[in-house]
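Asker: mind looking at a prediction? Sequence and model below.
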Amino acid sequence: MWLPTPIYERIPQFWLLLGLLFMSSGAYIGFDYSVSFLYFGVGLFSCVWSLYVYVVRLRNPQNSQPEPGPQDEQSEQTAPDVHQSTEQTSPGS
């Protein structure tokens with residue numbers, strides 16, 4: 001699934017905000033109710049997930065192109081040209 005760049009770049013912040021909202025609502029309800037532990041757990045998971053996504057994106061940027069190494073340059077020189085144009089002629093001409 002393709003996402004627009006501004007949305008894709010903001011996903012870690014969205015998960016962090018969602019996690020903080022869940023944790024704060026769990027604390028607001030109070031730990032007397034069992035559902036507050038669920039809220040707090042989901043919030044903690046969301047915060048950890050946002051940090052994981054952020055770190056993975058820092059380690060593996062999508063926009064960078066690797067520089068060609070010595071083997072890549074050599075293979076480009078010896079590789080046959082596959083972009084040769086072939087003209088097709090019709091059988092009647």
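Answerer: Yep, that arrived. Note that the structure is predicted; figures quoted are calculated from it, not measured.
Asker: okay, and the helix or strand of this protein with the least pLDDT?
Answerer: Of all the helices and strands that make up the chain, the one with the lowest confidence by mean pLDDT, DSSP states H and E is helix 70-78; it has a mean of 58.
Asker: mind listing the helices for this protein?
Answerer: Using DSSP state H, the helices of the chain run over 5-29, 34-59, 70-78.
Asker: want to throw those helices into CSV with mean neighbour count?
Answerer: Every C-beta, even on glycine, is put in place using the N, C-alpha and C of the backbone. Compiled in CSV, the helices of the chain are given as follows (neighbours: other C-beta atoms under 10 Å):
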stretch, mean neighbour count
helix 5-29, 14
helix 34-59, 14
helix 70-78, 9
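Asker: rank the ones you listed by mean pLDDT and give me the bottom one.
Answerer: Note on these: lowest mean pLDDT is at helix 70-78, with a mean of 58.
Asker: tell me the contacts of Leu44?
Answerer: When the contact criterion is C-beta atoms under 8 Å, 6 or more residues apart in numbering, the partners of Leu44 are 19, 23.
Asker: next one: it from Leu16, what distance?
Answerer: Applying C-beta to C-beta, to the nearest Å, one obtains 11 Å for the distance of Leu44 from Leu16.
Asker: how about Phe22?
Answerer: Separation of Phe22 from Leu16 (C-beta to C-beta) stands at 11 Å.
Asker: how much space separates Pro4 from Ser24?
Answerer: Counting by C-beta to C-beta, the gap from Pro4 to Ser24 is 29 Å.
Asker: residue contacts, Tyr39?
Answerer: Tyr39 makes contact with 22-23, 25-26, 29, according to C-beta under 8 Å, 6+ apart.
Asker: could I get these as CSV with distance to Ser50?
Answerer: As requested, these are exported to CSV (distance: C-beta to C-beta, whole Å):
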residue, distance to Ser50
Phe22, 12
Met23, 12
Ser25, 17
Gly26, 17
Ile29, 22
